[in-house]
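>>> Build me a model:
(chains A and B)
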Amino acid sequence: MHELSIAEELLRIITEKAKQVGIHKVQQINLKIGEFAGVLPDALIFAFDMLSKDTIFEGARIEIEESAGSELQVLSFEGD
Amino acid sequence: MNMKVRVMSDILKANDLLARDIENLLREKSIVSWNIMGSPGAGKTAVLERLIPMLPRDVRVAVIEGDLATSNDAERIAKTGVQSAQINTNGACHLDAAMVRSALDSLDLDGLSLLFIENVGNLVCPSSFQLGERGRIIVTSVTEGDDKPEKYPSMFKTADLVILNKMDLQSSTNFNMAYFKRGMEGTNPEAEVIAVSSTKGDGFDQLLNWIVKRLY
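Predicted coordinates:
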């Protein structure tokens, strides 16, 4: 539910962190999404792809680790 | 040079942080709060209308009402003589912590023992948003069918209490209590279930007892 706002929040969290560590291009984002988080991974990836056009995230891969709970977490991201 | 950066944070973070502030505020003031969720028309407001006048005189209650539009529910609650604040989400399908925090500012919290937050009628979205509540109560009803606990697991999993309303109408439906209970067992065996009729009053002594046992 609300994958677009979640994608926006995701971008915000990583942009802040990327700035802190001096990363200028994000290549991969690792998420953990619980079965009961109410989030459709495909919809989230679609929203993310849309929002990331012309940003440091364009073309980044989203890796999703699924779990049995209701987590919705950014585990890590990779870039240079 | 390729770098991997650990983040390890929850994505709905901003809401969770604000919810924690609300939780702390309410705890400091010894106010127990319940997030009341359920389908539109399940009887969330009707349950509160009947329950509130039954509470002991020394238990001060307030209600925060959440709806897309109208102040119908806040007005109904106001008729029971307790403080009520209406949030109009203007389209949002759930309450979030920011809305609740702002509603709290319009209430007099001194001496309050109990706060009910009646969420927007919806069995999906509200479950993802912490409001700083002590726990969650879901109101479902026999006219919605007996399979809701298994069809809406993310909602029913979070309940401390499930109120099964409109028991007076059971004979007009195909609602199967055993099936419902099995669904609850499968989705959330820890949750208590109290069967009530908000129009006739059945089950309200049990509900009253449940609420009162959980005050500070």
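
>>> Number of residues surrounding the nearest residue to A:H2 once chain neighbours are set aside?
Closest residue to A:H2 apart from its sequence neighbours, by Cβ to Cβ, 6 or more residues apart in numbering or on different chains: B:C125 at 7.2 Å. Bear in mind the C-beta positions are built from the backbone N, C-alpha and C, glycine included. Number of residues near B:C125 (other Cβ atoms under 10 Å in any protein chain shown) recorded here: 20.

>>> With the one 5 residues further on instead?
For B:Q130, the count of nearby residues is 21 (other Cβ under 10 Å).

>>> same check, this time on the one 10 residues further on
Residues lying near B:T140 (other Cβ under 10 Å) number 28.

>>> do the same with B:I31
Other residues close to B:I31 by other Cβ under 10 Å number 22.

>>> Thought B:S113 was touching it, still the case?
Yes: the pair B:I31 / B:S113 is scored as a contact, 6.5 Å apart, by Cβ atoms under 8 Å.

>>> Can you show me the CA trace of the lengthiest helix in chain B as PDB?
The helix that spans the most residues within chain B, counting by DSSP state H, is helix B:13-28. Provided in PDB are the C-alpha atoms of helix B:13-28 (Å, rounded to 0.1, in the frame of the first residue of the first chain):
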ATOM      1  CA  LYS B  13      10.600   5.900  10.000                       C
ATOM      2  CA  ALA B  14       9.200   9.500  10.200                       C
ATOM      3  CA  ASN B  15       5.900   8.200  11.300                       C
ATOM      4  CA  ASP B  16       7.400   5.700  13.800                       C
ATOM      5  CA  LEU B  17       9.400   8.400  15.500                       C
ATOM      6  CA  LEU B  18       6.500  10.700  15.900                       C
ATOM      7  CA  ALA B  19       4.400   7.700  17.100                       C
ATOM      8  CA  ARG B  20       7.000   7.000  19.800                       C
ATOM      9  CA  ASP B  21       6.800  10.700  20.900                       C
ATOM     10  CA  ILE B  22       3.000  10.300  21.300                       C
ATOM     11  CA  GLU B  23       3.500   7.000  23.200                       C
ATOM     12  CA  ASN B  24       5.900   8.700  25.600                       C
ATOM     13  CA  LEU B  25       3.600  11.700  26.100                       C
ATOM     14  CA  LEU B  26       0.600   9.500  26.800                       C
ATOM     15  CA  ARG B  27       2.600   7.300  29.200                       C
ATOM     16  CA  GLU B  28       3.900  10.300  31.100                       C
END
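
>>> That one - contacts with which helices or strands?
Using 3 or more Cβ pairs under 8 Å, 6 or more residues apart in numbering or on different chains; DSSP states H and E as the contact test, the elements touching helix B:13-28 are helix A:3-21, helix B:97-104.

>>> what do you get if the cut-off is 6 Å, keeping everything else the same?
On a contact count with 3 or more Cβ pairs under 6 Å, 6 or more residues apart in numbering or on different chains; DSSP states H and E, helix B:13-28 meets helix B:97-104.

>>> On the three-state scheme, A:E63 is what?
At A:E63 the chain is in strand, as set by DSSP: H, G, I helix; E, B strand; the rest coil.

>>> tally of neighbours for the nearest residue to B:M155 once chain neighbours are set aside?
What sits nearest to B:M155 in space, not counting adjacent residues and going by Cβ to Cβ, 6+ apart, is B:S127, at 4.5 Å. B:S127: 27 surrounding residues under other Cβ under 10 Å.
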